[in-house]
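In: Need the 3D shape of this:
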Amino acid sequence: MNASVTKQHVVSRVVLAQFAVDRHLEVEDSRRPGRWRLRSPAAVGYVSDFVEHDSGQVEALWQTVETRLPQAISVALQGVAPEPGSPEESTLRDCIALHWARSKAVKTAAHQSWLRVQARHRDEFRSRGDHVLAGLFERRTGRTATPAELDALNAELHTGPEEVLDGRHFAARVPEFYGFARSHLARSHVQVLLCGDGVEDLVMSDAPVLTPSGRRKGLNPSQGVALGDATAAGMPLGPRLFVSMHDVAEVRELTAAGATLLNSLQEQVRVVQMFRRPAP
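Out: Coordinates of the predicted model:
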């Protein structure tokens, strides 16, 4: 059995280390805008008890990808698109899939989905099951309920299954989300985008995977874009490197306008933290 892990990174320390100089990168907290502080990769990009059950199992899954990342990133930084079917292509695809699956964006979307189901069932029962609620209330109290008391009882009965409330359900879903993302991206290849000379550095957020859609507004699941509806999936893997899944394996130079756009999109998906390479 894997030991429980409290400090769970939602951004790989290997990726964070790509932004580090002398083992430190700069981080900005949305609660303190404009204040960039030097921190080690181990000290940022994590959420305490992000997965509240079986965290050791999820951490082990994370490690299966993270241990392969340095070699794959090194290949991409050399201006080489990994060959289709190569270990490096598989690693970079898995990196995007796992950062998507184990993200605040997906956790928020899963919670929002549960709230919608809960509200629908609660409203349907309130409109059709008044006699059941009234009978239960009378058996409990010996008197007739007011409409407000029926609403309160209905809400109590629809608080949700224990495994949803205590986090077990989400913990079990993370490996499933990862498997779905891997399967969805399986036919795609790696597009390597490298910043050209004189182009500003890329920054990265604490929900770095971008999944835009041509049909919906938003950039990730918490903004209403499911991976199945996305037209692209990619993330920064360093201050000069952005990797996305594409129909062909290729290397392209990232222009100044492209880097500015990607940095703006990272700001739009930020939950709390932004990361960048320290200035020389």
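In: so where do the strands sit in the chain?
Out: Secondary structure of the chain (DSSP state E): strands located at 7-9, 25-29, 36-39, 46-48, 189-195, 204-205, 234-238, 241-246, 250-254, 273-276.
In: what residues does the fifth one touch?
Out: By that I understand strand 189-195. Contact partners of strand 189-195, identified using C-beta atoms under 8 Å, 6 or more residues apart in numbering, comprise 76-77, 79-82, 84, 88-89, 92-93, 201-202, 234, 239-254, 258-259. Using the backbone N, CA and C atoms, a C-beta is placed for each residue, glycine as well.
In: Parallel or antiparallel, list what pairs with that strand.
Out: Counting by DSSP bridges, the strands paired with strand 189-195 are strand 241-246 (antiparallel), strand 250-254 (parallel).
In: about what we covered before: looking at the strands of the chain, which is closest to residue 153?
Out: Smallest distance to residue 153 across the strands of the chain (C-beta to C-beta): 35.0 Å, for strand 46-48.
In: Give the buried residues for that closest one.
Out: For strand 46-48, a neighbour-count test (16 or more other C-beta atoms under 10 Å) marks 46, 47 as buried.
In: ok now that strand, how far from the chain's centre?
Out: Taking the mean of its C-alpha atoms, strand 46-48 sits 13 Å from the chain's own mean (C-alpha atoms, centre = their mean, to the nearest Å).
In: Please name every helix or strand in contact with the longest helix anywhere in the chain.
Out: Secondary structure of the chain per DSSP state H: the longest helix is helix 104-128. Where contact means 3 or more C-beta pairs under 8 Å, 6 or more residues apart in numbering; DSSP states H and E, helix 104-128 is packed against helix 130-141, helix 147-157, helix 168-185.
In: Return the list of helices and strands in contact with the last one.
Out: Read it as helix 168-185. helix 55-66, helix 87-101, helix 104-128, helix 162-165.
In: Identify the residues contacting that helix?
Out: With C-beta under 8 Å, 6+ apart, helix 168-185 has contacts from 51-55, 57-58, 61, 93-94, 96-98, 100-102, 106-107, 110-111, 161-164, 227-228, 233, 245.
In: Ok, the first one next?
Out: By C-beta under 8 Å, 6+ apart, the surrounding residues in contact with helix 130-141 are 125, 126, 144, 145, 149, 150, 153, 154, 157.
In: switch to 6 Å and redo it
Out: Contacts to helix 130-141, defined as C-beta atoms under 6 Å, 6 or more residues apart in numbering, come from residues 145, 150, 153, 154.
In: ok, the third one to residue 159 distance?
Out: In this case it means residue 153. As judged by C-beta to C-beta, to the nearest Å, residue 153 and residue 159 stand 11 Å apart.
In: Comparing those two, which residue is more hemmed in?
Out: Neighbour tally, residue 153 and residue 159, criterion other C-beta atoms under 10 Å: the higher count belongs to residue 153, 19 against 11.
In: Next, the contact list for that one, please.
Out: 133, 137 are the contacts of residue 153 under C-beta under 6 Å, 6+ apart.
In: how close does it get to residue 60?
Out: To residue 60, residue 153 is 43 Å away according to C-beta to C-beta.
In: coming back round to it: relative to residue 9, which of the contacts of helix 130-141 is nearest.
Out: Of all the contacts of helix 130-141, the one sitting nearest residue 9 is residue 154; the distance, using C-beta to C-beta, is 40.2 Å.
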